[in-house]
Every structure is written in C-alpha cells, then in structure tokens.
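Colleague: With the sequence up front, the predicted model follows.
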Amino acid sequence: GERDGKQYHYTVPSPTSYPFQWFWDSCFHAIILTRLGEIDQAKSEIESLLVWQDEEGFLPHIIFWDSSKMKLLPPHWNWLETKPFLSFLPLMPKPKTSAQIQPPVIAQAVERIFEARPDKDWLKEILPKLILYHDWLERFRDPDKDGLITIIAPFESGLDQNPAYDQVLGLETAPQAREVLKRNRGVMLRNKLLGYRPKLINAFGKFSVEDVLVNSTYGQSLNSLARMATICGKEADSDRFKSRAEKVTEALLAKCYDQKEGIFWSIYGREEKPAKVKTLSSLLPLILTDLPEEVVGRLIDEHLTNPEEFFLPFPIPSVAKDERVFSPSGEEEGGGPSPLWRGPTWINTNWFLTQGLKLHGCDQLAKEIAQKTKSLALKHGFREYFNPLTGEPGRWSAKSLGWSALVIDL
Ligand code: GLC
C-alpha cells in the first residue's frame, strides 16, 4: 500500500488481534521470510519499518499503516501510546506511529537477509539507518551511561505484562488483570503528558527499567551491527559497536546477575533495585557470546532444566512454575484472559533460547526444545501461546500469529 507518499509492504502479526505493523514482529517475519527464500518480501518488511524513522533515529514499536483498523482495538490504547495529543478529536489527523520502542532485533534480521543474499548495495543503504537507531538508543535511553538501555513502559519490553514489573508498578503479588492494565495505562498517560520526551520522562516518569531481555537482544544486535559495519568498510563504527556490546555484557553481569541465585534480574528506578521474579527474561543473556561459561552453566543447570522452574512438559514457560504468579493457561479464574506473559510458552522466546543453547554448545538440549516447540505448532497451528503443562493453546491466544512461524527456522 501507500500512505502519505510512503510505500509499505509488511505482514500483520495477526489479522484480527494485531492488524498493524509491529516492530519486533516484523523483524521475526523478515527472518521467517528469508528462511522461506522470500528475500524481496523480507527486505520490504524491513524497509517499511524504517520508513517512519525520525531525524534523530527513533523507530516506533507500531506503525498504523491502515488507520481504519484502529476501530478493532480499544481506542484509548492507541491514543496513550502515540504523541499527537488531540488526535482523538474527529477532525484531527490520526497518529501514524506509536511513540514507544520494542526490543532491538532489527540488526539481526538485516544480517540474516544479507547472509542469504549478500547484496552489498542494499546493506550500504540500510546500515546508516540502523546505526542512527542504535545511536538513538544510547543517546536517549541510557541516561546513566552504564551501557544498559532503559525502557519507559512495560509494552516496550515486548513482554507486555511481565510480572517482574508488578513491584515496579507498586502491585501486590498475583494482581488481577484489570489492576495490571490500569497501572500500565497510568504509566503511558504520564509519558503522554510528558510529550514522550526522553529527558522529561527520565526526570518525572513512573517506570524506568533496565530490562534483561531488552538488553540481551541489544547486546546481540550491537554485535550484528559491528559485523555488518566491517563488511561495509566502516571499521571505526565496527569497533565502537563491538566495545558497546562488551559493555552491555559487563553491565548485565555487574548489575543484574545474582551470584547467590545464579540468575539475572531486571533492575528499576534510580536505586536500580532488582525485580526478583523468575521469568524467561532472566535466562535471555544466554544469547550473548561472551557470557562466562560458569554463568551459562548455572542458568541452564539450576533454572532452565529445573523441572520445578522452567523445564516443564512444553518448555520454556514465560514464568517459572514455582513463582506465585505462574498462570500457565493464560486465563484468570473467572475465565477471562490473564495479563500476557505470565506463564504460557511462546515460540519467539524459545527461538532465542535455543539459539543461546547452541551458541554455548548445548545442541542436544536445543534440539529437544525445538522438537517440542515444533510439536505444538504441528498440532495446533501458529497460535500465539501455549500452556507449558498441557501443550494446549491458550483460549485467548491469537490465531495465525506471524512470529510463531519461527518454528520453521527452529
Ligand atoms: C503482544 C506481545 C508483543 C507483540 C504484539 C504483536 O502485545 O506482547 O510483544 O509485539 O503482541 O504480536
């Protein structure tokens, strides 16, 4: 299609539940399309994502290409996550993009496309935009300059209602869905009132988290970027991204790793308090090449393969089984949907974790998880999430969820 003179060609995460272009979904779609040999389509997916990059480098987490679809979702969500304040008035222009980010996985997707079809001209065209984006993240999202980037709302994590944020939001253990969503809205309303300006949000925002999953993907993407910069002859850029990637791992180890528990916690607020709930985010540093072997061993032996925590019949659950908030079906007691990412198994995160396992030589375990993930999709199709105890898809989980096709890559 075309909007405001800008061409687009992308895949919706789900035609009914998620009818727009989502940032990390599109990166996964590009990887799946590459794997299927649809390189041109994979490239357009990335190009469409880059169309709304602003001058400073920001890339949005949703692009509302077809605003007529906005009526499918409760209108306040789109209003809260976008900048134009008066866009709810009938005659005002509708927002084109959200003002939030999602985990930075675009460099990995571009690298996969380039590996499949080494088109240097295309890479040279795309790389400066990726560099600008990663520099934006460092400039505006790392206010304490420790190497870790900060998210300013739960949705930016990609794991929307990750229970590790309950304490950040001042919630009791195992709160009701409507309480969690109310707090999420509160955070976004404040960000909206602050005009989504990074400096103001840093000073007056309600939510500031150095998230383990976001930073693990950030570290991985900085290494992809460094390799692609070398290919394009940009040695100085390559060096600085390499050292930024090293700094991410060092900071994760120094600030988020719990020596006693052998696991990582996201940290929040100025005091950098650890949010101690075991979620799959706590395992994600496994995707980092330079994670020390001792730390890798403890993550795997004490947690990932622990049947009381993450090694359930259909691994890997988004929350460890022995946490009070663990909700495997994705349903609340009364039958309504529970907040997302509080127990079910998701395919994109299994894709990351199997990558990490292979990277550290645990091929057999990676294979076992890949096989179990594949069995879920073969039996039930590309559902959004599954019960890790029974393998049943969640009653409320979207059907035909784009990134679940990552099983093809697994
Ligand atoms: C849900 C997920 C988010 C994803 C979106 C579209 O909100 O939590 O990570 O990007 O759906 O699939």
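Modeller: Looks like it arrived, so ask away.
Colleague: Surely residue 160 touches residue 340?
Modeller: Yes - under the criterion of Cβ atoms under 8 Å, residue 160 lies in contact with residue 340, with a separation of 4.8 Å. All C-beta spots, glycine's among them, are computed from the backbone N, C-alpha and C.
Colleague: More neighbours: which of those two?
Modeller: Residue environment comparison for residue 160 versus residue 340 gives the larger neighbour count to residue 340, 23 against 17, counting by other Cβ atoms under 10 Å.
Colleague: In three-state terms, how would that one be classified?
Modeller: In the three-state summary, residue 340 is assigned as coil, counting by DSSP: H, G, I helix; E, B strand; the rest coil.
Colleague: Could you check the pLDDT of it?
Modeller: Residue 340 is assigned a predicted lDDT (pLDDT) of 95.
Colleague: What separation is there between it and residue 300?
Modeller: When distances are taken as Cβ to Cβ, to the nearest Å, residue 340 and residue 300 turn out to be 26 Å apart.
Colleague: now do residue 136
Modeller: Counting by Cβ to Cβ, the gap between residue 136 and residue 300 amounts to 34 Å.
Colleague: Look up phi and psi at residue 161.
Modeller: When quoted as degrees, to the nearest 10, the phi and psi of residue 161 stand at phi -110, psi 40.
Colleague: What ranges does the stretch 101-250 of the chain have for its helices?
Modeller: In order along the chain, the stretch 101-250 of the chain carries the following helices (DSSP state H, counting those that start in this stretch): 106-116, 120-141, 177-193, 198-204, 212-231, 235-251.
Colleague: Would you tell me which one of these is buried the most?
Modeller: Across the helices of the stretch 101-250 of the chain, averaging neighbours per residue (mean count of other Cβ atoms under 10 Å) puts helix 212-231 on top, at a mean of 24.
Colleague: hmm, it touching the ligand?
Modeller: No - under the criterion of Cβ under 6 Å from any ligand atom, the ligand is not reached by helix 212-231; the shortest gap measures 10.4 Å.
Colleague: what about that helix, distance to the chain center?
Modeller: 14 Å (Cα atoms, centre = their mean, to the nearest Å).
Colleague: which stretch among the helices of the stretch 101-250 of the chain comes nearest residue 305?
Modeller: Each of the helices of the stretch 101-250 of the chain was checked against residue 305 via Cβ to Cβ, and the shortest separation belongs to helix 212-231, namely 19.1 Å.
Colleague: what's the angle between that closest one and helix 120-141?
Modeller: Here helix 212-231 runs at an angle of 140 degrees relative to helix 120-141 (axes from the mean of the first three to the mean of the last three Cα atoms, to 10 degrees).
Colleague: and helix 212-231, what does it pack onto?
Modeller: Judged by 3 or more Cβ pairs under 8 Å, 6 or more residues apart in numbering; DSSP states H and E, helix 212-231 is in contact with helix 106-116, helix 120-141, helix 235-251.
Colleague: I'm done for today, thanks for sticking with me.
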